[in-house]
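Undergrad: build me a model from this:
(one chain, ligands or ions: 2)
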Amino acid sequence: MAQLEVHDLAQAVIDRMADCKEPRLKEVMSALVKHVHAFVQEVQLTPEEWMGTIEFLTAAGKMCDEKRQEFILLSDTLGVSMAVVGIEQAKGAAALKANPPKLAPTEATVLGPFFWEGAPELELGADITGVSSGTPAYYHGCVTDTAGKPVANCTLDVWSGDGDGFYDLQKGADAPMALRARFHTDANGNYRFWSIRPAYYPVPDDGPVGGMLRRMGRHPNRPGHMHTMLSAPGHERLITHLFVSDSPYLDSDAVFGVRNSLIVNFEPHPAGKAPDGRVMTQPYHVAHYDFRLVPSAA
Ligand code: BEZ
Ligand code: FE
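TA: Ligands and ions are numbered 1, 2, ... in the order given. Model (predicted):
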């Protein structure tokens, strides 16, 4: 049998997939094998470093449960999640090239680990603050397609951390849902609701990924943001954020999720009558943002 030399190993692994019946899997695994071998050669990886990597991945797996996903965090903090988001959006943009839209679609960003399926469905204008900390903020705007046509009955899922930067999911196993809801746009595509102005916060950094960030000399913080997920029949689903324009860390988001087009001015207002007629007894902010969805046919 011909002996394989180190530089032939990657091709030998790829050749063993000759009987693979899944062309896309074959393509992805071939590229993965090629790049991993090139990486090992480039850095001349030592046995101790490879074992350290395996121990790190093992610890990341042990950290995962229904409420904690350390691998998503790893993907996010290495910029891979945003690379995948970017590839998906670029595909949509390429499809639109032949027939350019009047309005640019809203940019997408990471989903993050704090989405919780089944948030309460509330009437437009509802206040989802409950007992959570934070300065009140009124969110409003319109959802249209890229031709400017309002999207009625679009489901708008919203969720954020509180004024101290903590999500409900981080507050213990029995903590109830907080600062999350589902709204539906009205006949003109408009939405409005009250919540808080989200604060910046660290991504969960008490596990292997936190250790990795510290060893890399990186901070774990994300700028303040409101998560949104928009779904409407006949349109591509959009997962994005609204970033608070004067938040720290806009220039160094730990997960590389900031897009300039998603930075929103949270206008400060003194106590008094808010845009929806509500009389506020304390200062509040107003955040206005119009979303543009891509029609699915595109
Ligand atoms: C977040 O936005 O909540 C988040 C996103 C990625 C990693 C960790 C947290
Ligand atoms: Fe978040």
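Undergrad: so residue 103 belongs to a helix, correct?
TA: No. Assignment of residue 103 by DSSP: H, G, I helix; E, B strand; the rest coil gives coil, placing it outside any helix.
Undergrad: thought residue 291 was touching it, still the case?
TA: No. The pair residue 103 / residue 291 is not scored as a contact, 10.4 Å apart, by CB atoms under 8 Å. For the C-beta atoms, the positions are set from N, CA and C on the backbone; glycine is no exception.
Undergrad: quick one: mean pLDDT over stretch 281-298.
TA: The pLDDT scores in stretch 281-298 average 91.
Undergrad: on that earlier part again, when residue 103 and residue 291 are compared, which one has more neighbours?
TA: Ranked by neighbour count (other CB atoms under 10 Å), residue 103 and residue 291 place residue 291 first, with 22 against 12.
Undergrad: for that one, grab phi and psi.
TA: The phi/psi pair for residue 291 (degrees, to the nearest 10) reads phi -100, psi 140.
Undergrad: change the start of the numbering to 411 and stick with it
TA: With the count now opening at 411, the last piece we talked about shows up as residue 701.
Undergrad: for it, what are its contacts?
TA: Residues in contact with residue 701 (CB atoms under 8 Å, 6 or more residues apart in numbering) are 516, 551, 552, 553, 554, 638, 640, 648, 650.
Undergrad: which residues touch the helix or strand hosting the last one?
TA: In this structure, residue 650 sits in strand 648-654 according to DSSP states H and E. By CB under 8 Å, 6+ apart, the list of residues contacting strand 648-654 from outside reads 495, 515-521, 549, 607-608, 633-640, 660, 667-668, 672-674, 676, 697, 699, 701, 703-704.
Undergrad: burial of whichever residue of the chain sits closest to ligand 1, as a residue count?
TA: Residue nearest to ligand 1 within the chain: residue 522 (2.9 Å; CB to the nearest ligand atom). Applying other CB under 10 Å, we find 21 residues neighbouring residue 522.
Undergrad: hang on, it packs against residue 486?
TA: Yes. Residue 522 lies in contact with residue 486 (CB under 8 Å); the separation is 7.2 Å.
Undergrad: ok, now which ones touch residue 663?
TA: Residues near residue 663 by CB under 8 Å, 6+ apart: 631, 632, 633.
Undergrad: my read: the second one touches residue 667, true?
TA: Yes. Assessed by CB under 8 Å, residue 632 is found in contact with residue 667 at 7.3 Å.
Undergrad: show me which of those two is the more surrounded one.
TA: residue 632 (29 against 23).
Undergrad: name whatever forms a beta bridge with the more buried one.
TA: residue 611 (DSSP bridges).
Undergrad: break the chain into its domains for me.
TA: Listed by automatic domain parsing, the domain ranges of the chain are 417-472, 481-703.
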